[in-house]
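> My questions are about this predicted structure, shown below with the sequence.
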Amino acid sequence: MRIYKGNPELVFRGKVAPWYGALSGIVCAAAAVLALQPGMPALVPAAVLVVAAVALWPVVVRNRVELYGDRLEIVFGWGRTIIPYDHVRDVRRSAGAVAPDEFTGHVAAASTDAVYIDAPVDGDAVVSVLGNDHLVTELRRRAGLDAPSAPGQDGVE
């Protein structure tokens, strides 16, 4: 496990889509319906609310991408994913939740308007931040993906 210290150079706040708020509302409504059932112990709906808060709320308050000099860190919910820039192969706007080639274990997006980060060594990631286009540009620059090719490498001298 790698633990890095330091202050990020740039932070992109995460985006939370309206469907995520609706999901939270549905969970609260389900707890209310449970509470109204005759003979239902008060502990059951309270437990539903506590579990939902532990699972859903961190995604709202801990949802960002931090850029450092040598790496990016994805903070999403209870987790943190660290990806050095030299492990990044590609960064592009995501084609959406239905793109099979973008399936990854690091889905750190509470919105379908997202960015796909291809980093097979550390695990590909999908993130959704305010300013997705700016994140793509900045990550591509830091990872050296948009560097001009040296003379002779592109077949033209």
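Nice, I can see it.
> Centre of the chain to stretch 51-65, how far?
Its chain's C-alpha centre and that of stretch 51-65 lie 11 Å apart, by Cα atoms, centre = their mean, to the nearest Å.
> Now it - C-alpha only, PDB.
Taking C-alpha atoms only, stretch 51-65 is exported to PDB below (Å, rounded to 0.1, in the frame of the first residue of the first chain):
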ATOM      1  CA  VAL A  51     -26.700   1.900   6.900                       C
ATOM      2  CA  ALA A  52     -27.900   4.100   4.000                       C
ATOM      3  CA  ALA A  53     -26.200   7.200   5.500                       C
ATOM      4  CA  VAL A  54     -22.900   5.200   5.900                       C
ATOM      5  CA  ALA A  55     -23.100   3.900   2.300                       C
ATOM      6  CA  LEU A  56     -24.500   7.000   0.500                       C
ATOM      7  CA  TRP A  57     -23.400  10.100   2.300                       C
ATOM      8  CA  PRO A  58     -19.600   9.700   1.900                       C
ATOM      9  CA  VAL A  59     -20.000   9.700  -1.900                       C
ATOM     10  CA  VAL A  60     -21.400  13.200  -1.600                       C
ATOM     11  CA  VAL A  61     -18.800  14.700   0.800                       C
ATOM     12  CA  ARG A  62     -15.700  12.700  -0.300                       C
ATOM     13  CA  ASN A  63     -15.900  12.900  -4.000                       C
ATOM     14  CA  ARG A  64     -12.900  14.600  -5.800                       C
ATOM     15  CA  VAL A  65      -9.800  14.100  -8.000                       C
END
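> Which of the residues in that stretch are classified as buried?
For stretch 51-65, a neighbour-count test (16 or more other Cβ atoms under 10 Å) marks 52, 56, 59, 63-65 as buried. C-betas here are computed from N, CA, C, even on glycine.
> Please list the members of those residues that lie in helices.
Within the buried residues of stretch 51-65, membership in helices is found for 52, 56, 59, as judged by DSSP state H.
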